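1. Quick one, what's the 3D model for this:
(chains A, B and C)
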Amino acid sequence: MLYKRNPQLNRHGELIHLLSIEGLPRAVIHQILDTAETFLSVNDREVKKVPLLRGKSVFNLFFENSTRTRTTFEIAAKRLSADVLNLDIAKSSASKGESLLDTIANLSAMHADMFVVRHSESGAPYLIAQHCAPHVHVVNAGDGRHAHPTQGLLDMYTIRHYKRDFTNLTVAVVGDIVHSRVARSDIHALTTLGVPEIRAVGPKTLVPGDLREMGVRVCHDMAEGIRDADVIIMLRLQNERMNGAMLPSAGEFFKSFGLTEQKLALAKPDAIVMHPGPINRGVEIDSSVADGRQSVILPQVTFGIAVRMAVMSILAGNEA
Amino acid sequence: MLYKRNPQLNRHGELIHLLSIEGLPRAVIHQILDTAETFLSVNDREVKKVPLLRGKSVFNLFFENSTRTRTTFEIAAKRLSADVLNLDIAKSSASKGESLLDTIANLSAMHADMFVVRHSESGAPYLIAQHCAPHVHVVNAGDGRHAHPTQGLLDMYTIRHYKRDFTNLTVAVVGDIVHSRVARSDIHALTTLGVPEIRAVGPKTLVPGDLREMGVRVCHDMAEGIRDADVIIMLRLQNERMNGAMLPSAGEFFKSFGLTEQKLALAKPDAIVMHPGPINRGVEIDSSVADGRQSVILPQVTFGIAVRMAVMSILAGNEA
Amino acid sequence: MLYKRNPQLNRHGELIHLLSIEGLPRAVIHQILDTAETFLSVNDREVKKVPLLRGKSVFNLFFENSTRTRTTFEIAAKRLSADVLNLDIAKSSASKGESLLDTIANLSAMHADMFVVRHSESGAPYLIAQHCAPHVHVVNAGDGRHAHPTQGLLDMYTIRHYKRDFTNLTVAVVGDIVHSRVARSDIHALTTLGVPEIRAVGPKTLVPGDLREMGVRVCHDMAEGIRDADVIIMLRLQNERMNGAMLPSAGEFFKSFGLTEQKLALAKPDAIVMHPGPINRGVEIDSSVADGRQSVILPQVTFGIAVRMAVMSILAGNEA
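-> Okay, here's the model as predicted:
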């Protein structure tokens, strides 16, 4: 917990920044998911634009490169009619020795309305939210190993879309949990939404035991982990983080924890398979499963745009 | 020929992708040129915008860097009021090991409407068109040595603008034909439009003899090649491809095949000189010719925007 | 002086390019500042857009990378409803050997309306203005050590905002004046606007003595330089240019010329402190001053957007 007071909400309990799912009330999560539902149809229309953010300036501040995530926010903002400015911060003033907070103060002075922030250090979006001008809203697009709240929300949207009710589900999160901000955001959201059984599944080196304190069932055996699950969230194996010390090899990981049709048969027959992407075929998931009938990986992407539109439009409507 | 059925047309014979000029019916080419003509005036107006693609999302997917070509498509799309997203694919998920088709599936799921694709491998845009969602249109912005259809079309627009009728023309394409997707697209277009004499002019190492099978006259002598020509299309000499094996030197190439005023005098007095740009002054073309009265190199650029607007607006109006 | 005739004005004396403050009539400067004032309120509005440049294509041509300056022009253009195209020229045709003027001719042929040019060589924007098509307007966004006119204008806006009248002011420009295009632009503007005492303050190696010919008082002593000043403009110390030959160390510079509260006490009690940013805290300016009550560094940024909107809208309204 980085703050005593919840910095995401104003004194009326309305969302003014989206920094983490931790500490987000259930009602706010449902407000976001409900709003996203109205935007889904916008994305299906001939003219995929609504004027909700017309004349607003949304800055994508990606201190860590991620074309895929940046693109989803850029599309979402443009479909809300905002002006979008992409700042490749790595190449920018940062390299001239300007501090993060001076950069933020400067951009605020340009009458920015929203900062979408990706940063390799956990907590950076909090720091920015704490120091930026009161008219600016901050969206965390992934900070270190800490949080990736819009991914967590789109995952909840996906689960609600296919399963309707959260309060009778078994959800398994599988893979490299210790390094995953997605896992952390998902677990907070699932807990808040009342999922009775949340399982963290993976080898001991990648699943921290202290998750049990959060009410999560820790499974170091894949069969145990996904048996009778309603939802399986596979995590991306960050190959770049696998350096021999933590895991013997990608092949060995796949053998134990990669999701194959055989293993998937252990889950409920109508279980859905999710993945934040990009997928490593044959590493954490078999192609036949990724492309199979239970996979909802591509719908997740579609829902992701609507969820980001929802977050941005809600933020823009609230005042600090 | 990569496909049996023409993947560019729907069952009504309407254009749904622009992948290659090869296999494009004459009527479709003329439809594009006619539509481009209506857009030329748009580009001259005070407000250079029409709402034809309002709310559409056009993705520039440049797997191979080309600021110039990307810019022409970006301008064209913006003047049609589309939202444009530039993806620097080289730096993106591709580098995280995601496959081309997974990237495409993901972007399709974001409700993309059009992919403008440049790729170093011939056939990549076909692969994408074959696998993307039915609501997405693909425009080939240059694939390997295979095709560069919008360049071919703007060249045809230019010829029609200055010469009116194709069926009595002599057109010489001069230079590094073997490496040129522009040459290939131009030759297909000229053939389809009924040009009676098409000449491929250049040294033996750069002009493949099997062009004769396409009805092209192969000339390894410059004087023979451009004598009495109505149109001379000079190709860019790709310096980076000249490695001693194929050509002695740029200087020697210029001496034999560089277009000078003296050589140009062999063509018809009202011959026009074209070049896809960027030009290498003093390598394939003399400055006095490039800037001279017969040069239509800059009008080609202007026509190129209108032609790309035409292609995009036609595609957006047709359904798979 | 690079030109005999002033290339920035048409024969009616109206602004058609903004290349330098040198040679800009006082009335034109005031016209820009007055227009900027009307845009300040636009930036405060809920919908921060006016349709003055709707359908116009503004090209950011940054031959030298500067994310911060590019962003200010991009915001300004988008708030005027222009289409903005960012060209990373360094990676573009330039690297394919195309000349600057061929690049410009090409972009002009795409019906560009405005070029915003940053270049490491002094005079490059003049060359472009001289050769581009008559319908294109050029804005210098910084060329070599020569000029940075929009920074100069926003500095004048800031001074006028806080001090109202220029004709009774003492203005001190402090720091690395010899390398600073900002200093050069400021001094020309202050002179044109009738500031009676302009001081250039800094060590002998960084303040050229021939400034005296421009009517500037040269001070190599900080106390003398800022005593009773109404306005203090601190310049950024370009660390990358400090190579031991010119200065002993940043620490020593700060001791002599860094602006501290103690030194600031020598100026008038209501003196304002300016800086073009990004600031080097503890090098040319102490944090307590940068963040203090006399600092107007962030308002400068806000005014900068309005001034750039003013310049663009005035240029777009005038014809060569």
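
2. Just the pLDDT at the residue lying closest to A:Arg181 once chain neighbours are set aside, thanks.
-> Counting by CB to CB, 6 or more residues apart in numbering or on different chains, the nearest residue to A:Arg181 once its immediate chain neighbours are dropped is A:His148, at 4.3 Å. Backbone N, C-alpha and C define where each C-beta goes, glycine included. pLDDT recorded at A:His148 is 96.

3. how many neighbours does A:His148 have?
-> Using other CB atoms under 10 Å in any protein chain shown, the number of residues around A:His148 comes to 26.

4. In this structure it contacts A:Ser185, no?
-> Yes - assessed by CB atoms under 8 Å, A:His148 is found in contact with A:Ser185 at 5.2 Å.

5. list the contacts for whichever residue of the stretch 101-250 of chain A sits closest to chain C?
-> Going by CB to the nearest CB, chain C is nearest to A:Ala109 of the stretch 101-250 of chain A, at 3.7 Å. Residues in contact with A:Ala109 (CB atoms under 8 Å, 6 or more residues apart in numbering or on different chains) are A:Ala133, C:Leu298, C:Pro299, C:Val301, C:Thr302.

6. Check A:Asp88 too.
-> Neighbouring residues of A:Asp88 by CB under 8 Å, 6+ apart: A:Phe62, C:Thr67.

7. just for chain A, where's the confidence low?
-> For chain A, applying pLDDT under 70 flags the ranges A:1-5, A:90-97, A:239-248.

8. For the lengthiest helix in it, output the C-alpha coordinates as CSV.
-> As assigned by DSSP state H, the longest helix anywhere in chain A is helix A:297-317. What follows is helix A:297-317 as a C-alpha-only set of coordinates in CSV (Å, rounded to 0.1, in the frame of the first residue of the first chain):
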residue,chain,number,x,y,z
ILE,A,297,-8.0,-14.3,-26.1
LEU,A,298,-9.1,-12.2,-29.1
PRO,A,299,-12.4,-11.1,-27.4
GLN,A,300,-10.2,-9.8,-24.5
VAL,A,301,-8.5,-7.5,-27.0
THR,A,302,-11.8,-6.2,-28.3
PHE,A,303,-13.1,-5.7,-24.7
GLY,A,304,-9.9,-3.9,-23.8
ILE,A,305,-10.6,-1.0,-26.1
ALA,A,306,-14.0,-0.5,-24.7
VAL,A,307,-12.7,-0.8,-21.1
ARG,A,308,-10.0,1.9,-21.8
MET,A,309,-12.7,4.1,-23.4
ALA,A,310,-14.8,3.6,-20.3
VAL,A,311,-11.9,4.5,-17.9
MET,A,312,-11.0,7.6,-19.8
SER,A,313,-14.5,8.9,-20.2
ILE,A,314,-15.3,8.3,-16.5
LEU,A,315,-12.1,10.1,-15.4
ALA,A,316,-12.7,13.0,-17.7
GLY,A,317,-16.1,13.5,-16.1
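
9. Show me the strands in the stretch 201-320 of chain A, by range?
-> Secondary structure of the stretch 201-320 of chain A by DSSP state E, counting those that start in this stretch: the strands cover A:217-219, A:231-234, A:272-274.

10. Please identify the deepest-packed of the ones you listed.
-> When these are scored by mean count of other CB atoms under 10 Å in any protein chain shown, the highest mean neighbour count falls to strand A:231-234 (a mean of 28).

11. Please name the strands paired to it in the sheet, noting orientation.
-> According to DSSP bridges, strand A:231-234 forms sheet pairs with strand A:170-174 (parallel), strand A:272-274 (parallel).

12. Next, count neighbours for A:Gly194.
-> Burial measure for A:Gly194: 12 neighbouring residues, criterion other CB under 10 Å.

13. Show the backbone phi and psi for it.
-> Main-chain dihedrals, A:Gly194, degrees, to the nearest 10: phi 90, psi 20.

14. For chain B, see how far away it is.
-> 29 Å (CB to the nearest CB, to the nearest Å).

15. contacting residues around that residue?
-> Contacts for A:Gly194 (CB under 8 Å, 6+ apart) come out as A:Arg26, A:Phe166, A:Thr167.

16. Would you quantify the distance from it to A:Leu154?
-> Distance from A:Gly194 to A:Leu154, counting by CB to CB, to the nearest Å: 19 Å.

17. Repeat that for A:Val273.
-> Counting by CB to CB, the gap from A:Val273 to A:Leu154 is 15 Å.

18. A:Val301 against A:His275, yeah?
-> No - taking contacts as CB under 8 Å, A:Val301 lies outside contact range of A:His275: 10.3 Å.

19. What residues of the strand or helix carrying A:Glu37 count as buried?
-> Assigned by DSSP states H and E, A:Glu37 falls within helix A:26-44. Using 16 or more other CB atoms under 10 Å in any protein chain shown as the test for burial, helix A:26-44 gives A:Val28, A:Ile29, A:Ile32, A:Leu33, A:Thr35, A:Ala36, A:Glu37, A:Phe39, A:Leu40, A:Val42, A:Asn43.

20. Quick check: A:Val139 is in a strand.
-> Yes - membership of A:Val139 in a strand is supported by DSSP: H, G, I helix; E, B strand; the rest coil.

21. Any chance you could note which residues of the stretch 151-300 of chain A sit beside chain C?
-> Counting by CB under 8 Å from any CB of the partner chain, no residue of the stretch 151-300 of chain A lies close to chain C.

22. So which bits of the stretch 201-320 of chain A are right by chain B?
-> Residues of the stretch 201-320 of chain A lying close to chain B by CB under 8 Å from any CB are A:Asn239, A:Gly277, A:Pro278, A:Ile279, A:Asn280, A:Arg281, A:Leu298, A:Pro299, A:Val301, A:Thr302, A:Gly304, A:Ile305.
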